[in-house]
Each structure stands twice: as structure tokens, then as C-alpha cells.
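Chemist: Build me a model:
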Amino acid sequence: MFFLLLCTFLTVTVTNAAPAFPELSNYNPIADSKATIISGKARFTVLTDQVIRMEYVSTANTFLNNATTAILNRNLPVPKFTQSTTNGILTIATNKISLQYTIGTSFSTTTLLATGDFGKWHFGQASPGNLLGTIKSLDLLGPTSLNCTLNKNITVHDEDLHCAFGLISRDGWSIIDDSKTYVLDADNWWSIENPNTNDMYLFAHGLDYKGALQDFVSISGKTAMPPRNTFGVWWTRWFNYNQADVKDIISEYVDHHLPLDVFVLDMDWHVKPAWGAYTWDNHLFPDPKDVMLNYMKQHKGLITLANIHDDNGVVSEEANHAAMVEMMDLPNSTGDIPFEICTNQKYAIALEDAVLLPIEKDGIDYWWIDWQQGGNHGGCKGMLQNPTIWTNKMRATDHIRRGSTKRGLVLARWGGLGSHRYQVGFSGDVSGVTWESLAYQPYFSMTATNVGYGFWSHDIVGPGGQDVDKLELYTRWLQWATYSGIFRSHDRGSSAGNCAGDFPSSTTSNTCTVVKPWNVPLKFFKANRAALQRRAALVPYTYTLARDAYDTGLGPLRPMYYEYPKLDHSYDADMHGK
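Modeler: Residues are numbered from 1 along each chain as shown. I've put the predicted structure just below:
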């Protein structure tokens with residue numbers, strides 16, 4: 001006979017205090033006890049009619065109640081379900097799923113299975129119909145398979161791609177394997193590896209793809225709404241300019257009747273004791289507050305971001321090094337402070353408040369995290385415990401932690417399941433300014449919606465030059481950006497980096513270009529301007545889609561199969577991911 005057992009569960013820290021590292025909302029990872037069924041070393045939690053958590057542990061009574069980086073909230077209204085035991089088989093049934101487990105056994109293909117309107121599933125089953133998800137970024141990659149089985153051996157910048165399969169599948173079900181993600185303590189800080197032998201979530205929605213995403217954000221957390229201006233027109237460039245040039249660029253937008261909402265400073269804003277740094281280059285920006293705060297924000301109403309690379313830590317030459325030392329209670333003689341984002345809470349908070357906050361007070365609203373972070377940098381363990389998702393979380397939620405009502409925002413790469421909470425995604429430097437790269441971006445963007453990551457920001461670029469094909473490629477890229485999640489123009493360093501010695505002779509150099517919407521013949525400029533103006537006109541619509549993403553998990557770019565799941569042709573774009 002089956003009994004509901006009372007037992008203790010593994011919880012790293014128990015406290016009623018507000019977490020030191022908050023999320024957008026006060027999520028509760030502990031499910032209502034009425035939703036849980038325990039059978040020896042197995043526990044099942046009925047989260048919704050179509051989502052069941054399935055745990056198996058090596059030692060009885062050690063089930064995990066903590067949040068993980070992927071799953072924050074399990075305290076949902078308890079759906080109606082029944083449980084019964086017949087001939088040693090535990091059956092848990094909602095109005096959508098009937099799950100069967102052979103009591104006293106570990107999970108296997110014969111001991112754990114489910115049936116229902118969605119079809120059939122058993123433990124360990126492959127899902128060839130999975131509609132795929134997303135990867136860390138497109139750095140150094142051309143059009144790439146999003147099938148995690150096919151791309152599992154691809155590494156870029158000494159790390160894997162953090163690939164995630166989609167939460168939806170033509171097979172009718174999908175699985176989140178949470179046993180490999182990292183456990184958070186009551187402060188929402190890195191804690192331990194998940195001790196469960198198995199910790200999985202069955203999503204059994206059939207072809208109700210929208211329902212699957214709705215259930216996902218209910219347990220993984222909401223998609224944050226960035227500020228309204230985020231959905232307008234962005235400027236980003238990497239070439240040599242100073243604060244006077246910044247004003248000139250903004251004037252060019254005004255003079256050409258072009259909208260502009262977000263201005264992003266690339267690497268040149270800071271000094272170079274290392275590739276990454278946190279100190280203004282006063283040769284280029286002698287009075288940062290004048291241009292960033294007074295001119296760009298108060299006079300022009302622009303959102304501002306600046307580019308940073310964190311992996312060098314805080315070197316002794318930094319302007320705010322002494323403040324960092326003091327906040328971390330280090331000896332005054334401390335030299336370079338290494339990057340320890342995952343292992344040292346004092347470092348994490350001091351970096352945000354002693355180093356970055358003073359720059360924000362100069363007029364920088366948000367940060368573009370451009371280091372190719374991942375692997376075991378920053379004291380992380382690598383794989384699904386990686387500094388990508390952690391730096392994203394810190395910068396996207398700093399305002400909440402500081403008690404501010406300011407909206408959060410970060411421009412950064414994908415760090416694994418749960419990254420949808422920290423918008424906006426930076427897909428990296430496009431590998432090649434080609435028609436193929438342009439054609440791939442819409443597919444890449446819409447497929448990411450399958451893991452709730454709906455706001456990829458791509459480099460909107462042009463190859464430079466004045467021949468018709470190159471001019472048209474640039475115009476078409478701008479036109480695609482008009483309907484993308486984020487419209488961010490960028491030249492991917494084509495006028496800097498190895499080209500720096502040739503700058504500014506873009507008209508004579510074969511390798512260096514300065515790509516601007518107005519730096520084209522009149523016919524193309526008119527088309528470029530129309531694309532930017534259309535994007536500005538769409539801001540109320542795209543901002544409404546951001547609210548929709550918060551409410552439902554649906555991104556602004558949605559595959560046709562969300563609306564027509566039974567129509568084979570609605571899946572045609574999927575061929576790029578196989």
C-alpha cells in the first residue's frame with residue numbers, strides 16, 4: 001500500500017529575510033505540500049495540469065527544495081489530481097497527464113512513463129520532434145545548428161555553447177533536466193551542485209506550444225520588461241571618437257531626421273590597463289557627466305550603455321580600486337583584485353557598487369557585457385554554472401537590490417536556461433557580413449522564443465563600400481531590424497581593431513569602413529531612413545509585445561507553428577536547425 005511520507009528535505013539555507021541577490025519578483029521555490037507525492041527515494045510535484053516535477057535521490061528524505069538557476073518558483077496553485085497504487089504501480093493523474101511509477105525502483109524506461117492527450121513518454125526517451133532553443137551567441141559562428149546533440153562538441157572562446165533544447169516539441173512533450181543546473185541558497189547565491197540523481201520536469205502540452213511557455217515562465221520566472229526606449233533605435237560603434245564626436249553623431253541623426261533612442265559606447269570609453277577596464281579615458285572623455293548626463297540624458301532623453309569586459313578583475317590602476325578594497329575589507333596594499341564573480345559575494349557586490357555605480361552616476365544607465373564569458377572563469381565550475389548568467393543577473397537586478405524603482409536592463413550573451421529573465425541578449429559579433437548571416441538571424445531569433453528568450457539583439461551591419469550589392473545588403477539588414485526584437489546598429493569593429501591604423505580613411509582603405517545609415521547614396525538613404533522611422537513608429541507595438549512576454553513568455557518573434565501547429569508548412573523554417 002502506498003503512503004504519503006513525511007520527511008525532511010535538502011534546503012541549503014532557511015531564512016525569512018529578503019534575499020541579498022533578488023529577482024524581479026519574490027519567487028518561492030518550495031511547492032505546496034498538497035502538490036507533492038513521495039514514494040521512497042522518489043518525489044513527484046504536480047505543478048500544473050501539464051507539468052510534473054520528477055525527482056529521484058540516492059538517500060531517502062533528501063529532496064531538493066531550493067531554487068536553481070533555471071527554476072525559481074514551485075509554489076503554484078495546486079491543480080486537481082488523483083493518486084492511486086495498484087500492483088506496486090503509483091499512478092498520478094491530472095486531467096491532462098497520467099504518470100506511472102514502479103514503486104521502489106530507480107527511474108528507467110520501464111519504471112517511469114506518462115500518457116495523455118499529448119501522447120506517450122517514458123524516461124530516457126529521445127525527442128526527434130523537439131523544436132530547438134538557442135545557444136550562447138553567434139560569435140565566430142555562421143549559420144549553425146541549434147540541435148544540442150549536433151553542436152555539443154562546438155566550443156567558442158574556450159567554452160561550450162550553453163545549448164538548450166526547446167520547451168516544445170512536435171512529439172507533444174519536452175523535458176527540462178534540472179539535475180545539472182546549480183542550486184541557489186536563500187540569498188539567491190550560488191550554493192551547490194544539484195544533489196538529486198534525477199531532477200526533471202515533464203512538459204506534456206501536446207501542440208499547445210503557447211501553454212508550455214506560459215507554464216515555463218510560471219516556474220522559471222518572468223521575462224523582465226526593459227525600459228520603453230529600448231524598443232526604439234540603438235547606435236553602437238567601435239571606432240575612435242571622443243565626447244565631441246558623440247554630440248556630432250547625435251546631431252547627424254537629428255539633421256537627417258532619423259530617430260535615436262539608445263546610445264552605446266563601445267570599448268573606447270575606458271582606459272586600457274587591460275582589455276577590460278572600468279575607468280574613463282579622460283583624453284577622450286574629459287567631462288563624462290557633461291556629455292553623458294547633461295547632454296545625452298537630460299537634453300536628448302537617450303538611454304546610455306557602456307561596454308565592459310570583466311575577466312581581468314579590478315586592476316590596481318582603476319580609479320575606484322581603493323573603494324573596491326575598502327568595501328571588500330582587503331588590506332590597503334592589495335594590488336590587482338582577481339575576478340571572482342561566482343565564489344565571492346563581497347567581490348560581486350563591491351564590483352557593482354564601488355566600481356560600476358560611480359560610473360552610472362556619470363550618466364551610464366546600463367552595461368553591455370562583451371567579454372566572451374563562460375567556462376570556469378570567475379571561480380565558476382563551468383558548463384551550467386558559468387559567469388555569463390551570473391553577471392547578467394547581477395547587472396539586470398542591481399536596481400532592485402539597491403532599492404531603486406528603475407527598470408533593469410543588460411546587453412549580454414545567453415547563459416543557459418533561465419537567462420530569459422535578464423534581457424537583452426547580445427548575439428555577438430556577426431561572423432560575416434553576408435546574405436547568409438542576414439537570412440539566419442530571423443530563424444535564430446524566433447527559435448530562441450522556444451526557451452522564452454525572445455529579445456536577441458543582433459549586430460545590424462553593412463559591409464561598407466558603394467557597390468549596389470553591398471548597399472542593398474545594408475538596407476535589407478536595417479529593414480529586417482525594423483521587425484526584430486531589438487534594433488541595434490553596429491559595425492562589428494570593421495573601422496577599428498586591426499583597422500585602427502587606417503582610420504579614418506574609410507574611402508580609400510580596402511579593409512576599414514564607417515557604416516552609417518546616411519553614409520550611402522540618396523536612393524539607399526531614403527530606404528534606410530524609412531526603416532528607422534518605421535521602427536520608431538512601432539515602439540508602442542513592440543513595447544506592448546514586451547508586456548506580452550512578461551505575461552505569457554511569448555517573445556515578439558514567434559514561429560508560425562505557434563498559431564498553426566497542425567500545418568506542416570508552418571515548420572518549414574526548422575530546416576536550418578537540423
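Chemist: Quick check: phi and psi on P540?
Modeler: According to degrees, to the nearest 10, the main-chain angles of P540 amount to phi -60, psi -40.
Chemist: nope, Y253 is what I meant
Modeler: On the backbone of Y253 - angles per degrees, to the nearest 10 - the values are phi -60, psi -40.
Chemist: How much space separates the residue lying closest to it once chain neighbours are set aside from W235?
Modeler: On the basis of C-beta to C-beta, 6 or more residues apart in numbering, the spatially nearest residue to Y253 that is not a chain neighbour turns out to be L260, at 4.3 Å. From N, CA and C alone the C-beta is placed, and that goes for glycine too. Distance from L260 to W235, counting by C-beta to C-beta, to the nearest Å: 6 Å.
Chemist: what does the domain assignment say about this structure?
Modeler: When the chain is parsed into structural domains using automatic domain parsing, the resulting residue ranges are 9-131+166-220, 228-577.
Chemist: so which of those comes closest to L146?
Modeler: When those are ranked by proximity to L146, the top entry is domain 228-577, at 4.4 Å, counting by C-beta to C-beta.
Chemist: pLDDT averaged over that closest one - what is it?
Modeler: The average pLDDT for domain 228-577 rounds to 90.
Chemist: Off-centre distance for it?
Modeler: 12 Å (C-alpha atoms, centre = their mean, to the nearest Å).
Chemist: cool, stretch 221-230 as well?
Modeler: Offset of stretch 221-230 from its chain centre (C-alpha atoms, centre = their mean): 12 Å.
Chemist: ditto for stretch 200-216
Modeler: In terms of C-alpha atoms, centre = their mean, the centre of stretch 200-216 is set 20 Å apart from its chain centre.
Chemist: which neighbours do L260 and W235 share?
Modeler: Shared between the contact lists of L260 and W235 (criterion: C-beta atoms under 8 Å, 6 or more residues apart in numbering) are residues Y253.
Chemist: L265 and N307 touch, don't they?
Modeler: Yes. Between L265 and N307 there is a contact at 6.3 Å, judged by C-beta atoms under 8 Å.
Chemist: more crowded one of these two?
Modeler: Taking neighbours as other C-beta atoms under 10 Å, L265 and N307 compare with L265 leading, 25 against 21.
Chemist: List the residues that contact that one.
Modeler: Remark: with contacts taken as C-beta under 8 Å, 6+ apart, L265 is in contact with 246, 304-307, 364.
Chemist: try 6 Å
Modeler: Applying C-beta atoms under 6 Å, 6 or more residues apart in numbering, we find L265 in contact with A306.
Chemist: ok, now N229?
Modeler: Each residue near N229 by C-beta under 6 Å, 6+ apart is listed here: 261, 303.
Chemist: can you dump the C-alpha coordinates of the host helix or strand of A481 into CSV?
Modeler: Secondary-structure element containing A481, defined by DSSP states H and E: helix 468-482. Output for helix 468-482, consisting of C-alpha atoms alone and laid out as CSV, is shown next (Å, rounded to 0.1, in the frame of the first residue of the first chain):
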residue,chain,number,x,y,z
VAL,A,468,25.0,48.0,-55.3
ASP,A,469,25.0,44.6,-53.7
LYS,A,470,26.7,45.9,-50.6
LEU,A,471,24.5,48.9,-50.3
GLU,A,472,21.4,46.7,-50.7
LEU,A,473,22.7,44.2,-48.1
TYR,A,474,22.9,47.0,-45.6
THR,A,475,19.5,48.4,-46.4
ARG,A,476,17.9,44.9,-46.1
TRP,A,477,19.6,44.4,-42.8
LEU,A,478,18.1,47.6,-41.5
GLN,A,479,14.7,46.6,-42.8
TRP,A,480,14.9,43.2,-41.0
ALA,A,481,15.9,45.1,-37.9
THR,A,482,12.7,47.1,-38.1
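Chemist: What is the helix or strand just after it packed up against?
Modeler: Beyond helix 468-482 in the direction of the C-terminus, DSSP H and E gives the next helix or strand as strand 487-489. Other helices and strands packing on strand 487-489, by 3 or more C-beta pairs under 6 Å, 6 or more residues apart in numbering; DSSP states H and E, are strand 233-237.
Chemist: Parallel or antiparallel, which strands does the strand it packs on pair with?
Modeler: The strands beside strand 233-237 in its sheet (DSSP bridges) come out as strand 262-265 (parallel), strand 487-489 (parallel).
Chemist: most packed of the ones you listed?
Modeler: Of all those, strand 487-489 carries the top mean neighbour count, a mean of 26, counting by mean count of other C-beta atoms under 10 Å.
Chemist: hmm, who's touching that one?
Modeler: Under the criterion C-beta under 6 Å, 6+ apart, residues 233-236, 457, 460, 481, 535 lie in contact with strand 487-489.
Chemist: let's go with 8 Å and repeat that
Modeler: Applying C-beta under 8 Å, 6+ apart, the set of residues contacting strand 487-489 is 231-237, 262, 264, 457-461, 478, 481, 515, 517, 532, 535.
Chemist: Name the SS class of D310, please.
Modeler: Secondary structure assignment for D310 (DSSP: H, G, I helix; E, B strand; the rest coil): coil.
Chemist: does it really touch N392, like I thought?
Modeler: No. Under the criterion of C-beta under 8 Å, D310 makes no contact with N392, lying 11.2 Å away.
Chemist: and T59, how many residues sit next to it?
Modeler: By the measure other C-beta under 10 Å, the count of residues near T59 is 10.
Chemist: again with C163
Modeler: Around C163 there are 22 other residues, counting by other C-beta under 10 Å.
Chemist: Wait, it touches C148, no?
Modeler: Yes. Using C-beta under 8 Å as the test, C163 is close enough to C148 to be in contact (3.9 Å).
Chemist: Now do the shared contacts for the two.
Modeler: Taking C-beta under 8 Å, 6+ apart as the contact rule, C163 and C148 both touch G133.
Chemist: what helices or strands is the helix holding A481 leaning on?
Modeler: Using 3 or more C-beta pairs under 8 Å, 6 or more residues apart in numbering; DSSP states H and E, the elements in contact with helix 468-482 are helix 435-448, strand 487-489, helix 522-537.
Chemist: And the contacts of the first one?
Modeler: This means helix 435-448. For helix 435-448, the surrounding residues in contact (C-beta under 8 Å, 6+ apart) are 131-134, 138, 142-143, 146, 166, 414, 425, 427, 430-431, 454, 456, 458, 473, 476-477, 480, 484-485, 555, 557-559, 573, 576-577.
Chemist: Which parts of it count as buried, going by neighbours?
Modeler: Neighbour counts using 16 or more other C-beta atoms under 10 Å place 437-438, 440-448 of helix 435-448 among the buried residues.
Chemist: out of those, who's nearest E193?
Modeler: For E193, the closest of the buried residues of helix 435-448 turns out to be A448, at 26.5 Å, with distances computed as C-beta to C-beta.
Chemist: Spell out, range by range, the strands that occur in the stretch 101-250 of the chain.
Modeler: Along the stretch 101-250 of the chain, the segments classed as strands by DSSP state E, counting those that start in this stretch run 112-116, 119-122, 174-177, 182-184, 190-193, 198-203, 233-237.
Chemist: what mean pLDDT would you report for the fifth one?
Modeler: Over the span of strand 190-193, the pLDDT mean works out to 89.
Chemist: Give the partner strands of that strand in its sheet and their orientations.
Modeler: With DSSP bridges as the test, strand 190-193 is paired with strand 182-184 (antiparallel).
Chemist: and the strand it pairs with, average pLDDT?
Modeler: Within the predicted structure, the mean pLDDT of strand 182-184 is 94.
Chemist: Tell me the gap between it and the middle of its chain.
Modeler: Distance of strand 182-184 from its chain centroid, counting by C-alpha atoms, centre = their mean, is 18 Å.
Chemist: picking that back up, okay, the angle between the helix holding A481 and strand 233-237?
Modeler: 130 degrees (axes from the mean of the first three to the mean of the last three C-alpha atoms, to 10 degrees).
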